[in-house]
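Peer 1: With the input below, show me the fold.
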Amino acid sequence: MAVRIATMPPDSTTGQADTACAWFRSDAGLALLESERPTVLRALSERPVMPWLWLAPVGQEGVAQGRGLRLVASGAGWSGDACCRLPLPLATESIGVVVLQHVAAPGRSRRELFEECARVLAPGGRLWVFALNPLAPYRWQWRGTGLGASEPLSWRRRLRAAGLVPEPVSQGLGPGWRVRVAHEPQDGPGMRAAYAIRAEKRAWPITPVRQRARLPMPEGIPAA
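Peer 2: Numbering: from 1, shown residues only. You can find the predicted model right below:
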């Protein structure tokens, strides 16, 4: 049974953020997304009892187990299973896993997005961040598109600032030089095109964060 939420009209799909997301529809971008697909699906199945949330740059095929929402970057907001902006129309601590696949990028408020992910995650829930590797030779494939890339240390600082606890080792994903599909992850980003960082929400955050108002369950969402 899918999670249903109240919807609103989508934003315009013009602007730099959409130009960057469009790269993921190119051959090079599709090869990277396909390389990441097994890891994304494994991530979404980590907390099978609770719903999941998958935010991606473009729509993708793939069968994820359990209940959840797939949202795609659209203008300043999100479309797909729902059309919305931040704050997400989801109840506080109602989600088991959140996947941010190349959407926490310049042009979107990283801090607000991470804080929203921390809010909707249940204690013990996990946030996965998929990011481009600035040291990969593959970066020439996205050159000039407006896509940004940061090293894992920068993402870990942002995750801690949101009250989450990131793991110390990231997983390198995707191709190295050539445009091809490479499903097997590796320890550390190395020369791979992208990497994934996993963080957990503890019952009490280690780093004090600005408290956001708790949101009730919107009308139309069944209880988990």
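Peer 1: in this protein, which spans are strands?
Peer 2: Assigned by DSSP state E, the chain shows strands spanning 52-56, 68-74, 77-80, 95-101, 121-132, 165-166, 171-173, 186-187, 194-200.
Peer 1: Quick one: those as a markdown table, columns for mean pLDDT, distance to residue 111 and mean neighbour count too.
Peer 2: All C-beta atoms are positioned from the backbone trio N, CA, C, and that covers glycine. Listed next are the strands of the chain as a markdown table, based on pLDDT from 0 to 100; distance: least, CB to CB, whole Å; neighbours: other CB atoms under 10 Å:
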| stretch | mean pLDDT | distance to residue 111 | mean neighbour count |
| --- | --- | --- | --- |
| strand 52-56 | 96 | 16 | 25 |
| strand 68-74 | 92 | 17 | 22 |
| strand 77-80 | 90 | 17 | 20 |
| strand 95-101 | 97 | 13 | 26 |
| strand 121-132 | 97 | 14 | 22 |
| strand 165-166 | 97 | 15 | 19 |
| strand 171-173 | 97 | 24 | 23 |
| strand 186-187 | 94 | 29 | 12 |
| strand 194-200 | 98 | 15 | 23 |
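Peer 1: With distance to residue 147 added, can I get these in JSON lines?
Peer 2: Listed next are the strands of the chain as JSON lines, based on distance: least, CB to CB, whole Å:
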{"stretch": "strand 52-56", "distance to residue 147": "14"}
{"stretch": "strand 68-74", "distance to residue 147": "12"}
{"stretch": "strand 77-80", "distance to residue 147": "18"}
{"stretch": "strand 95-101", "distance to residue 147": "13"}
{"stretch": "strand 121-132", "distance to residue 147": "6"}
{"stretch": "strand 165-166", "distance to residue 147": "22"}
{"stretch": "strand 171-173", "distance to residue 147": "16"}
{"stretch": "strand 186-187", "distance to residue 147": "22"}
{"stretch": "strand 194-200", "distance to residue 147": "11"}
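Peer 1: Out of the ones you listed, flag the one nearest residue 179.
Peer 2: Minimum separation from residue 179 across those (CB to CB) falls at strand 194-200, 13.5 Å.
Peer 1: orientation of the closest one relative to strand 95-101 in degrees?
Peer 2: Angle of strand 194-200 versus strand 95-101, following axes from the mean of the first three to the mean of the last three CA atoms, to 10 degrees, is 160 degrees.
Peer 1: And the contacts of strand 194-200?
Peer 2: The contact list for strand 194-200, computed with CB atoms under 8 Å, 6 or more residues apart in numbering, reads 32, 35-36, 39, 43, 102, 124-133, 136, 152, 155-156, 159, 164-167, 170-174, 185, 188-189.
Peer 1: Name the surrounding residues that touch stretch 34-44.
Peer 2: With CB under 8 Å, 6+ apart, stretch 34-44 has contacts from 52, 54, 60, 62-66, 68, 97, 99, 101, 126, 128, 130, 171, 173-175, 181-183, 185, 193-194, 196, 198.
Peer 1: Distance from stretch 123-132 to the middle of the chain?
Peer 2: Put simply, stretch 123-132 sits 7 Å off its chain's centre (CA atoms, centre = their mean, to the nearest Å).
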